[in-house]
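In: how would this look folded up:
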Amino acid sequence: MRLAESANIGPLQGNRMGGMSLAKDYLKVGEEVATALSEGRPVVALESTIISHGMPFPQNLDMARTVEADVRASGAVPATIALMNGRMVAGVAGRDLEELAEKGFSAAKASRRDLAGLLAGKRLAGTTVATTMQIAHLAGIRLFATGGIGGVHRGAEMSFDISADLLELGRTPVAVVCAGAKSILDIPKTLEVLETNGVPVLGFGTDRFPAFYLRDSGHRVDFQVADAEAAADFLRTQWALGMGGVLIGNPIREEDAMEAGYIDGVIAEALNDAEAGGIRGKDTTPFLLKRIFELTNGESLTSNIALVRNNARVAATIAVAFAGRRA
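Out: Now for the predicted structure:
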């Protein structure tokens, strides 16, 4: 019996180990990104649901191009990630980027559970934090910049609405630079789930965990890193130990932050509207961000773009430091 059981282990392990090589059949890496990776130069992954579902056209296209320019100006190569024509694309550019921005909400929103179905159906899709992490890891990209991660939604004790981003961070060795968790979420519970999944939460130049539009959520991070070199040292150690992802909280700049009492009131109204409209699941975040945009007369979009750009610049400096240490 023991011999038979042992004989079954080998093929199963082989399938797991071969999974990444098989998945690469569905991966397309843009020429600029592929060249940078082959030469060991720093690359920063960028998600695309912020383009397809985060803001209206043409602001989304302008934002995408500006963020890519910020990454380049900081010494790294940008790799915007999306699903297109049955492929996971790391390095969406040119007309493809324009199409994603123009299609907007008509494109799908791809998280982990959706990946196979959307690829098989050759659907156009923006990728969430979770799926962008998957694809970045598959392509060999270690740093990823986004606006804010998904997390535990308010009322999750009844709805069990918890983002797949948190689980992905626990198992995929990619560092995510963000302005914390989105303010619409239950941040204390989000931090608890990150702890449960073994995800270290760093503060870039701060010991406080940011909350998207706000610099301080009222909660501390696990570790503070003073600069890009310190962050690169942490990442190198984390992955030398065979550990998973790292969350790096980078506060929105003071001049771009919103006033706490004002944005809290806006979020409360948007949450009430979502409840009244029966909005659930993965439709919740896009609805809330759109409603907050309307209620703030576009002020939230200005802050959103500013924090994404700030995160992209910081991610690029960490990618440069990490590439230098690795070399």
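
In: got a pLDDT number for the most centrally placed residue in the chain?
Out: Closest to where the C-alpha atoms of the chain average out (C-alpha atoms, centre = their mean) is residue 129, at 3.1 Å. Per-residue confidence (pLDDT) for residue 129: 96.

In: I'd say it and residue 46 touch.
Out: No. Using C-beta atoms under 8 Å, residue 129 is not in contact with residue 46; the gap is 11.0 Å. In this view, the C-beta of every residue, glycine as well, is placed from N, C-alpha and C.

In: List the contacts of the residue nearest to the centre of the chain.
Out: With contacts defined as C-beta atoms under 8 Å, 6 or more residues apart in numbering, the neighbours of residue 129 are 47, 144, 146, 149-150, 163, 165, 168, 176, 178.

In: before we move on, what about residue 311?
Out: 145-147, 177-179, 250.

In: how about those in CSV, adding pLDDT and secondary structure?
Out: Putting those into CSV (pLDDT from 0 to 100; DSSP: H, G, I helix; E, B strand; the rest coil) gives the following:
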residue, pLDDT, secondary structure
145, 98, strand
146, 97, coil
147, 94, coil
177, 98, strand
178, 98, strand
179, 97, coil
250, 98, coil
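
In: The residues you listed, buried ones only, as a PyMOL selection?
Out: Remark: buried members of those, expressed as a PyMOL selection using 16 or more other C-beta atoms under 10 Å:
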select buried, resi 145+146+147+177+178+179+250
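
In: export the contacts of residue 311 to TSV and tack on distance to residue 39?
Out: Formatted as TSV, the contacts of residue 311 follow (distance: C-beta to C-beta, whole Å):
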residue	distance to residue 39
145	21
146	25
147	29
177	22
178	27
179	31
250	27
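
In: tell me which of the contacts of residue 311 is nearest to residue 292?
Out: Closest approach to residue 292 among these (C-beta to C-beta): residue 147, at 12.7 Å.

In: for the closest one, what are its contacts?
Out: Neighbours of residue 147 in contact, by C-beta under 8 Å, 6+ apart: 50, 54, 178-179, 182, 212, 304, 307-308, 311.

In: Of the residues you listed, which belong to helices?
Out: 50, 304, 307-308, 311 (DSSP state H).

In: and which of those residues is nearest to residue 293?
Out: residue 304 (8.3 Å).

In: For the closest one, give me its contacts.
Out: For residue 304, the contact set (C-beta under 8 Å, 6+ apart) comprises 54-55, 147, 213, 289.

In: Quick check: of the residues you listed, which lies closest to residue 118?
Out: Nearest member of the contacts of residue 304 to residue 118, counting by C-beta to C-beta, is residue 54, at 18.3 Å.

In: Need the residues touching each of residue 129 and residue 46.
Out: 144, 146.
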